[in-house]
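Enquirer: Sharing a model prediction with you, sequence too.
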Amino acid sequence: MDELLIRGAQIMDGSGAPGTTGDVGIRDGRICAVTTETGRQARRVIDAAGLVLAPGFIDIHTHSDFTLPINPRAEGKIRQGVTTEVVGNCGFSVAPALPGKAELLRDYLAASAPWLDFRETSFAEYMDAFPATSVNTIMQAGHHTLRLMAMGTDDRAPSDDELRHMQDMLEEALQAGAIGLSSGLFTTPGGYASSEEMVTLGHVLRRHGGAYSSHVRDEANRVFDAV
């Protein structure tokens with residue numbers, strides 16, 4: 001007998017196929033049956049006739065890495081059906097924070113996350129210390145943060161050593177489990193980066209099969225050029 005049966009829902013399986021009316025059985029916290037056959041028994045039955053039953057939604061652009069540590073239940077997302085969030089967007093990430101530079105990162109992100117306790121951390125240590133939350137999280141390393149750690153907010157091209165430092169930090173983040181790199185080419189200090197700088201970091205992503213997401217350089221009159 002199932003622990004829970006959701007009966008008569010329009011089931012969307014996430015593949016893009018049309019929905020079908022049927023039942024979903026849950027046992028030991030996992031889906032054990034998706035069926036159009038009737039008569040299945042369960043300790044608890046939810047009548048979902050006229051409702052849609054779908055996989056959890058993935059919110060691909062959030063900054064919840066600023067809020068999940070203080071609100072791990074994330075009810076505002078769970079109640080909307082979001083079960084996975086992609087964080088570390090627009091070039092902003094809470095890690096890495098190199099020795100002697102945690103205060104610099106704290107000041108930089110103060111307007112967005114004044115409540116966070118910034119401390120020296122590698123990306124791997126940051127991920128290990130991230131609290132258990134009601135949503136899954138997919139982490140990205142932020143280009144703003146990498147640049148800030150390597151060369152502060154200087155409006156100039158990085159030296160060879162500074163660029164190599166950014167590559168090394170990105171490499172560490174990807175090895176720790178970050179899905180890729182995000183950039184914010186619209187704001188300081190990421191906006192000071194040339195295309196060549198981003199391409200060089202892209203070589204690291206390519207070696208790891210990492211993803212790249214960007215807040216492009218212009219959202220107004222030159223948006224097409226920016227894209």
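Expert: Thanks, I have the structure now. Numbering: from 1, shown residues only.

Enquirer: Got the domain ranges for the protein?
Expert: 2-53, 57-225 (the TED database).

Enquirer: Need the ones you listed in TSV (columns: mean pLDDT).
Expert: Putting the domains of the chain into TSV (pLDDT from 0 to 100) gives the following:
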stretch	mean pLDDT
domain 2-53	94
domain 57-225	97
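
Enquirer: Tabulate those domains (TSV), appending mean neighbour count.
Expert: C-beta: built from backbone N, CA, C; applies to glycine. Shown next, in TSV, are these (neighbours: other C-beta atoms under 10 Å):
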stretch	mean neighbour count
domain 2-53	14
domain 57-225	17
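
Enquirer: for this structure, longest helix please?
Expert: If you go by DSSP state H, the chain has its longest helix at helix 160-176.

Enquirer: Name the surrounding residues that touch whichever helix or strand comes after it.
Expert: As assigned by DSSP states H and E, the chain's next helix or strand after helix 160-176 is strand 180-184. Outside strand 180-184, the residues that touch it by C-beta atoms under 8 Å, 6 or more residues apart in numbering are 88-93, 140-144, 170, 174, 190-191, 193, 198, 201-202, 204-205, 210-215.

Enquirer: Just those: which are in helices?
Expert: 143-144, 170, 174, 198, 201-202, 204-205.

Enquirer: Of those, which is the nearest to K77?
Expert: Set against K77, the nearest of the ones in helices among the contacts of strand 180-184 by C-beta to C-beta is H144 (24.1 Å).

Enquirer: gap between the residue nearest to the closest one when sequence neighbours are not counted and T153?
Expert: Using C-beta to C-beta, 6 or more residues apart in numbering and skipping the chain neighbours, the partner closest in space to H144 is G91 (3.8 Å). G91 is 13 Å from T153, where distance means C-beta to C-beta, to the nearest Å.

Enquirer: now G76
Expert: Applying C-beta to C-beta to G76 and T153 gives a distance of 33 Å.

Enquirer: Equivalent analysis for I26, please.
Expert: 51 Å.

Enquirer: what residue lies at the spatial centre of the protein?
Expert: The centroid of the chain falls nearest to V86 when counting by C-alpha atoms, centre = their mean (1.9 Å).

Enquirer: okay but that residue is in contact with H61, surely?
Expert: Yes - between V86 and H61 there is a contact under C-beta atoms under 8 Å: 6.6 Å.

Enquirer: and the longest strand seen in the chain, what other elements does it pack with?
Expert: Ranked by number of residues, the top strand in the chain under DSSP state E is strand 2-11. Using 3 or more C-beta pairs under 8 Å, 6 or more residues apart in numbering; DSSP states H and E, the elements in contact with strand 2-11 are strand 20-27, strand 30-35, strand 42-47, strand 52-53.
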